[in-house]
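Trainee: The following block contains a protein sequence and its predicted model.
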Amino acid sequence: MKRNAFFGSLAVAALLVLTACAKADHDHPADNDNGRDKTTTSAAAAPLELTTYKSATCGCCKLWVEHAGGNGFEVDAQDVDDLNGIKEKYGIAPALQSCHTSVSPSGYVFEGHVPAKLIRQFLQNPPANARGLAVPAMPLGSPGMEVGDRFTPYKVLLLHSDGSHSVYASIDQFEQQH
């Protein structure tokens, strides 16, 4: 009985966090320079750039930005009022959404708590007809969602240009993320 109450409370807490991230009000408008076309001449020589759209009140988004920055990414974190509009703009289906959306200068999209090492791998060799990666929801133990030593296995999905998706990577152990 205590276990069911714990998991019920955990589910409610996760829903509240996701709702807070999607509907928070704050004063910073979205960056309107989304269509910029910067190219990096050498992925190894220069840090990879990402613009991350997030809620100002979402702590896990801030932790994910720190994770990406600590793994060689230059992240321009933008607090936005309308995350749903950002997700719609970049074609993230509701079932694939999480609390933040990152976009590379070349237009690839990375939804949610995708490990930085997989974003780097993707950008160094983008699959044909791919438009990005997604980690739906907010898996416990994923980058930015660390809670002690708890970990929930999850899938990183490859987003295809035709709107479909497939599994890009299965993260079965915490260590696979780093």
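Mentor: Sure thing, it's come through.

Trainee: Make sure I have this right: Glu175 is in a strand.
Mentor: No: applying DSSP: H, G, I helix; E, B strand; the rest coil, one finds Glu175 to be helix, outside a strand.

Trainee: ok, it - how many residues close by?
Mentor: Using other CB atoms under 10 Å, Glu175 has 8 other residues around it. The way it works is simple: take the backbone N, C-alpha and C, and place the C-beta from them, glycine included.

Trainee: distance of it from Arg120?
Mentor: Plainly put, Glu175 is 17 Å away from Arg120 if you go by CB to CB, to the nearest Å.

Trainee: now do Val114
Mentor: 10 Å.

Trainee: Between these two, which has more neighbouring residues?
Mentor: The neighbour comparison of Val114 against Arg120 (other CB under 10 Å) goes to Val114, with 28 against 15.

Trainee: Was I right to think the more buried one contacts Val156?
Mentor: Yes: contact criterion CB atoms under 8 Å: Val114 and Val156 qualify, at 5.9 Å.

Trainee: Determine the residues that are contacts of both of the two.
Mentor: Residues touching both Val114 and Val156 by CB atoms under 8 Å, 6 or more residues apart in numbering: 133-135.

Trainee: Wait, Cys60 touches Met145, no?
Mentor: Yes: Cys60 lies in contact with Met145 (CB under 8 Å); the separation is 5.4 Å.
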